[in-house]
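Peer 1: Below is the sequence, then the predicted model.
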Amino acid sequence: MDFILHILIMISIYSIFAMSLNLELGYTGLYNFGHIAFFGIGAYSSAILSKAGFGFFPPLIIGMGLSIIASFIIGIPALRLRGDYFGIATLGFGEIMRLFFLNEAWLTRGPMGIPGILPPSFFGIIINTLPRFLILNLIFMILIWLFLYILIKSPFGRVLKAIREDEAAALSLGKNVYLFRLKSLMIGSAIAAIAGSLWAHYISYISPNEFTLTETIIVLLMVVLGGEGTLSGPIIGALTIIGFQEILRFFNLPPSLSRYIYPLREMVFGLTLVLLMIYKPQGIVGRRKDA
Amino acid sequence: MLKIKSVSKSFEGIKAVNSLNMILEKKGIYGLIGPNGSGKTTLFNLISGFLPIDSGEIFYRGIPIHEKKPYQIYNMGLARTFQLTRIFPKMTVIENMMVPPKNQKGEKIFNLFLNKRKVIDQEINIRNKAMDLLNFVGLFPLRNELGKNLSYGQQKLLELARILMGEPEMILLDEPTAGVNPTMIRNLMEMIEKLSDIGKSFLIVEHNIDVVIELCRWVYVLDHGEKIAEGRPNEIKSNEKVIEAYLGV
């Protein structure tokens, strides 16, 4: 039972993370390969500040704020670049943040990581059991889904989609493409920070190794597999990928074999991503007319 | 309305537009013709802010626009279409239509959550206006179809209807009849005339000379980035320089 709860909690956290990337990738056409950095900013903010006694919500909000500021700073130069080059710039930013977490030991304890992150507690409630974690995460997931739903169905979302479809046309129709992209990036980053914060509280130990390009690739796969540019796609994607990862544990593989499994898993992910892009770019959910 | 003052633009040493002067004073339909590579589309890109000019000035209703961004120029009432249509393929026809209007309250995130009533009211207005315009161009029955499912001619109509959503005063059309069947060309010409009657001005790049002669009150002819002639369509037709440029003799 605990194992199932654990899987559901991971799915809910990754759903939030994937939804944030989906806003940028699926709805705005931004290939952000450094998205993990904003997850990391949220995780570290919550880890450091909650251990310093600031509770749950203030560190969460500060993490979101820092994430917004960071995305603003990286977005201003990077969004002047087109398509692939934006991807490379954000990839660089992701690496810079990982190195920051690794090297600024006075703040982050460097490679030792931060252990003993307290469970969230607010208004006298302590989220210290699996069912409570799941409920908290589901509440966040639903609120964020609703927020994104309103955003995507609004004139704001319409402009984002127009930019994704044809940047020059959106520009020729009076839309400040640069500003809309910047806003999308900032909102996506803030939501990624929420996911990071929830994750840090749940896992209770974070270290720089968790914030690598591989994580971005996994969440990218969730978005593409589930169906980019659909509201429920990222959730389906998170469900599928986390499910796949966890099912591997059920096979009682001998240790001699299991050391090949981890690298193999990444190869499977990479291959899946390539095949999806080629054969089924619309993902599992597909992009419905109204999505 | 539109004043182009000794505008030049080069690409790697080749002069695409060479100290060009054009003054479109009154409202009406103007034509812009010239052989392939004569700089017509480049000129459109310069006017609409998609390319920076090397030298010269461009004024729209007395305001310099050559340093403005494309979105600012559209919002000032000067709109353009593209040679190959640029509709939003995975958005419905009605969604395509609802993108352009300026000052949409719902484009501000703050309003979505704290000013909902106003956003919804405005959306209803914009939707109604879009329906009217779709009726005008005859795309109303296709309003819920995805843009990519439209025929090329229908996409051209959608593009025209879509720029009208922002209520431009002047419209630059880049080859509106290219790739469109003759019946549709007739429709399109009638629409342009109707729009001209209600006060919209046009500058049209067009290869179909019959269309130019029938629609335009004044025609400019470009060759190698320079204006080689201007005048009434019938005068242009018999102008020696123009015949030379087209035939290459």
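Peer 2: Alright, I've got the coordinates.

Peer 1: Specify the local secondary structure of residue 171.
Peer 2: Using chain A. Applying DSSP: H, G, I helix; E, B strand; the rest coil to residue A:171 yields a three-state assignment of helix.

Peer 1: Please refer instead to chain B.
Peer 2: Residue B:171 ends up strand, using three-state DSSP.

Peer 1: cool, and residue A:17?
Peer 2: Strictly by three-state DSSP, residue A:17 counts as helix.

Peer 1: Quick check: the gap between it and residue A:130.
Peer 2: Distance, residue A:17 to residue A:130, by Cβ to Cβ, to the nearest Å: 19 Å. C-beta coordinates here come from the backbone N, C-alpha and C atoms, glycine included.

Peer 1: Those two: which is more packed in?
Peer 2: residue A:17 (31 against 17; other Cβ atoms under 10 Å in any protein chain shown).

Peer 1: nearest residue to the more buried one other than its sequence neighbours?
Peer 2: residue A:195 (3.9 Å; Cβ to Cβ, 6 or more residues apart in numbering or on different chains).

Peer 1: contacting residues for that neighbour?
Peer 2: A:13-14, A:16-17, A:20, A:39, A:42 (Cβ atoms under 8 Å, 6 or more residues apart in numbering or on different chains).

Peer 1: just those residues now: which is nearest residue B:29?
Peer 2: residue A:20 (49.1 Å; Cβ to Cβ).

Peer 1: So that closest one is in contact with residue A:186, correct?
Peer 2: No: with contacts counted by Cβ atoms under 8 Å, residue A:20 stays clear of residue A:186, the gap being 11.0 Å.

Peer 1: Neighbour count: the two, which is higher?
Peer 2: A side-by-side neighbour count of residue A:20 and residue A:186, using other Cβ under 10 Å, places residue A:20 first with 30 against 20.

Peer 1: check contacts around the more buried one.
Peer 2: By Cβ under 8 Å, 6+ apart, the neighbours of residue A:20 are A:35, A:38, A:144, A:187-192, A:194-195.

Peer 1: same question, residue A:9
Peer 2: Per Cβ under 8 Å, 6+ apart, neighbours of residue A:9: A:130, A:133-134, A:137, A:202.

Peer 1: In helices, which of those residues appear?
Peer 2: A:130, A:133-134, A:137, A:202 (DSSP state H).

Peer 1: Give me the buried subset of those residues.
Peer 2: A:130, A:133-134, A:137, A:202 (16 or more other Cβ atoms under 10 Å in any protein chain shown).

Peer 1: now these in TSV, with distance to residue B:13 and pLDDT?
Peer 2: Supplementary listing: these in TSV, determined by distance: Cβ to Cβ, whole Å; pLDDT from 0 to 100:
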residue	distance to residue B:13	pLDDT
A:130	70	87
A:133	66	91
A:134	66	93
A:137	61	94
A:202	62	93
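
Peer 1: ok, so of those residues, who is nearest chain B?
Peer 2: In terms of Cβ to the nearest Cβ, no member of these lies closer to chain B than residue A:137, at 22.7 Å.

Peer 1: Next up, the contacts around the closest one.
Peer 2: A:9, A:12-13, A:16, A:198, A:202.

Peer 1: now do residue A:236
Peer 2: Counted by Cβ under 8 Å, 6+ apart, residue A:236 has contacts A:225-227, A:283-285.

Peer 1: What about those residues, which are in strands?
Peer 2: Among those, no member falls in strands (criterion: DSSP state E).

Peer 1: Export the residues you listed to a markdown table and append columns for pLDDT.
Peer 2: What follows is the contacts of residue A:236, written out as a markdown table (pLDDT from 0 to 100):
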| residue | pLDDT |
| --- | --- |
| A:225 | 85 |
| A:226 | 83 |
| A:227 | 83 |
| A:283 | 72 |
| A:284 | 71 |
| A:285 | 70 |
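
Peer 1: ok but residue A:67 is inside a helix, no?
Peer 2: Yes: applying three-state DSSP, one finds residue A:67 inside a helix.

Peer 1: Which pLDDT does the model give the residue nearest to residue B:64 when sequence neighbours are not counted?
Peer 2: Counting by Cβ to Cβ, 6+ apart, the nearest residue to residue B:64 once its immediate chain neighbours are dropped is residue B:57, at 6.0 Å. Listed pLDDT for residue B:57 reads 93.

Peer 1: Residue B:57: how many residues sit nearby?
Peer 2: Neighbours of residue B:57 (other Cβ under 10 Å): 14.

Peer 1: Kindly report the same for residue A:254.
Peer 2: 7.

Peer 1: Could you check how far it is from residue A:261?
Peer 2: 11 Å.

Peer 1: State the helix or strand in which residue B:90 lies.
Peer 2: Residue B:90 belongs to no helix or strand when assigned by DSSP states H and E.

Peer 1: Let me see the contact set for it.
Peer 2: Counting by Cβ under 8 Å, 6+ apart, residue B:90 has contacts A:161, A:165, A:229, A:287, B:146-148.

Peer 1: Kindly recompute the last result at 6 Å.
Peer 2: Counting by Cβ atoms under 6 Å, 6 or more residues apart in numbering or on different chains, residue B:90 touches residue A:165.

Peer 1: how about the residues of the stretch 51-200 of chain A that lie near chain B?
Peer 2: Within the stretch 51-200 of chain A, the residues that sit near chain B (Cβ under 6 Å from any Cβ of the partner chain) are A:150, A:154-156, A:158, A:161-162, A:165-166, A:169, A:171-176.

Peer 1: now with 10 Å?
Peer 2: Contacts of the stretch 51-200 of chain A with chain B, taken as Cβ under 10 Å from any Cβ of the partner chain, map to A:147, A:150-151, A:153-180, A:183, A:187.

Peer 1: Show me where the chain dips below the pLDDT cut-off.
Peer 2: Went with chain A since none was named. A:251-253, A:258, A:262, A:286-291 (pLDDT under 70).

Peer 1: um, chain B though
Peer 2: B:247-249.

Peer 1: One more pass at 50, please.
Peer 2: For chain B, no stretch is flagged by pLDDT under 50.

Peer 1: Looking at it, which residue reaches furthest from the middle?
Peer 2: Within chain B, the residue lying farthest from the chain centre (Cα atoms, centre = their mean) is residue B:114, at 36.8 Å.
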